[in-house]
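In: Sequence and computational prediction follow.
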Amino acid sequence: MDPHAPILNDLHQKTDKTLKHLKEQLGSIRTGRASPTLVDTIRVDYYGTSTPLQQVAHISVPEPRQLLIKPFDGSPPVIKEIERAIQKSDLGLNPQSDGKVLRLVMPPLSGEQRQKLVGRVKDLVEQNRVALRNERRDANKAADQMKKDGKLTEDQCKKAHEAVDKELKAVEAKLEEMLKAKTREILEE
């Protein structure tokens, strides 16, 4: 086993967590199409407890530009709380209620709105790039410390740094892929 394997395992776990976090962030940015991931971050005050929307309602996509939210508990207070949570969210959508279900209709995005959303996506990706750089710095520091403590030789430390760089290049490529895919999704009609 490589003496620097624990460093790489730790780095891999951290980069996976960063990618997963970015995927969640990008999923909550609305495009011209409806997707249940848009409401993943919405939390509802469910009888005094802040609860994720998916745990209190079934979310479906009956039409390309519409989300249907059907609460498991169809009582008026629960529907009102879901409605309030959606209105407070940064989706910019107003739910339509018939007393039993809520509908979220996605209006077409204007060119200006699309450009703002693309800018927001770029900002999120850049924030995650910074997090990755910090993770690389921490992994390299760990390798240097192991060398200082006599657990790694000079060559092993150099190989650890190279392995860290290789891992980060692969993760940055995934980040770039996610950026391009979300940008394409936002810009298409």
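Out: That came through, no problem.

In: distance between stretch 128-141 and the chain's centre?
Out: Remark: stretch 128-141 is offset 19 Å from the chain centroid, using C-alpha atoms, centre = their mean, to the nearest Å.

In: Just after the biggest helix by length in the chain, pick out the following helix or strand.
Out: As assigned by DSSP state H, the longest helix anywhere in the chain is helix 111-148. Per DSSP states H and E, helix 111-148 leads on to helix 154-187 as the next helix or strand towards the C-terminus.

In: Please report how far the residue nearest the centre of the chain lies from Ile82.
Out: The centroid of the chain falls nearest to Glu24 when counting by C-alpha atoms, centre = their mean (2.0 Å). Separation of Glu24 from Ile82 (C-beta to C-beta, to the nearest Å): 20 Å. Just so you know, the C-beta spots here come from the backbone N, C-alpha and C atoms, and that holds for glycine as well.

In: Quote the end-to-end distance of stretch 77-96.
Out: 15 Å (C-alpha to C-alpha, to the nearest Å).

In: Quick one: mean pLDDT for that stretch?
Out: Average pLDDT, stretch 77-96: 85.

In: can you pull the buried residues of it?
Out: Across stretch 77-96, burial judged by 16 or more other C-beta atoms under 10 Å covers 78-79, 81-83, 85-86, 89, 91, 93, 95.

In: Including distance to Val164 and secondary structure, could those residues go into a markdown table?
Out: What follows is the buried residues of stretch 77-96, written out as a markdown table (distance: C-beta to C-beta, whole Å; DSSP: H, G, I helix; E, B strand; the rest coil):
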| residue | distance to Val164 | secondary structure |
| --- | --- | --- |
| Val78 | 49 | helix |
| Ile79 | 51 | helix |
| Glu81 | 47 | helix |
| Ile82 | 45 | helix |
| Glu83 | 48 | helix |
| Ala85 | 41 | helix |
| Ile86 | 42 | helix |
| Ser89 | 38 | coil |
| Leu91 | 38 | coil |
| Leu93 | 42 | coil |
| Pro95 | 47 | coil |
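
In: between these, which is closest to Lys116?
Out: Leu91 (13.8 Å; C-beta to C-beta).

In: Output the below-cut-off pLDDT ranges for this structure.
Out: By pLDDT under 70, the weakly predicted segments of the chain are 1, 189.
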